[in-house]
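J.: I'd like to go over a predicted model; first the sequence, then the structure.
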Amino acid sequence: MLTRLATLTAGAAIVTLPALAQAAPSASGPSIMSQVLLFLPLILIFYFLLIRPQQQRAKKHKALIENIKKGDTIVTSGGIVGKVTKAGDEEVTVELAEGVRVQIIKQMVIDVRGKNQPVAAND
């Protein structure tokens, strides 16, 4: 009787296994369009929060350094404040104190205060 029960159980397992295999749903991933729609807002946020503001700052800085002229008071990225005595294409000569002149690369200028704007007092 035990052998007959084992045969019936084995036969039932053979019959049910193919039925379970057929009932499994097919695994299909999300479509390409849904993936693009998922990342598009992220790309737009990245562009408007990081890339575009940096481009605008670079454009303003370029205009700032192109308009440096003799007599302007400038501030460098190192914090040096001086008066422009000579402006070239790539460099400017800056007078820091009476008789003390240095050449500075224009890209290092972060602010131009103009002729009439005084240097802030260092209290």
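T.: Right, received. Where do you want to start?

J.: identify each buried residue in stretch 62-71, please.
T.: 65, 68 (16 or more other CB atoms under 10 Å). For every residue, glycine as well, the C-beta is placed using N, CA and C.

J.: can you get me the start-to-end distance on that stretch?
T.: One end of stretch 62-71 sits 19 Å from the other (CA to CA, to the nearest Å).

J.: quick one, helices of the protein?
T.: Under the criterion DSSP state H, helices of the chain are mapped to 2-23, 32-46, 52-66.

J.: and stretch 30-50, average pLDDT?
T.: On average, the pLDDT along stretch 30-50 is 90.

J.: wait, residue 91 sits on residue 101?
T.: No. Counting by CB atoms under 8 Å, residue 91 stays clear of residue 101, with 11.8 Å between them.

J.: for this structure, which spans come out with low pLDDT?
T.: 1-27, 114-123 (pLDDT under 70).

J.: tell me which residues form a beta bridge with the nearest residue to residue 68 once chain neighbours are set aside?
T.: Of all residues not flanking residue 68 in the chain, residue 87 sits nearest, at 5.2 Å (CB to CB, 6 or more residues apart in numbering). Residue 87 forms beta bridges with residue 92, as assigned by DSSP bridges.

J.: you'd agree residue 87 is up against residue 71?
T.: No. When contacts are counted by CB under 8 Å, residue 87 is not listed as touching residue 71 (9.5 Å).

J.: distance of the residue nearest to residue 68 relative to residue 45?
T.: 40 Å (CB to CB, to the nearest Å).

J.: hang on, the earlier thing: against residue 113, how distant is the residue nearest to residue 68?
T.: According to CB to CB, residue 87 stands 15 Å off from residue 113.

J.: so which of these two has more stuff around it?
T.: When neighbours are counted by other CB atoms under 10 Å, residue 87 and residue 113 differ, and residue 87 comes out ahead with 18 against 15.
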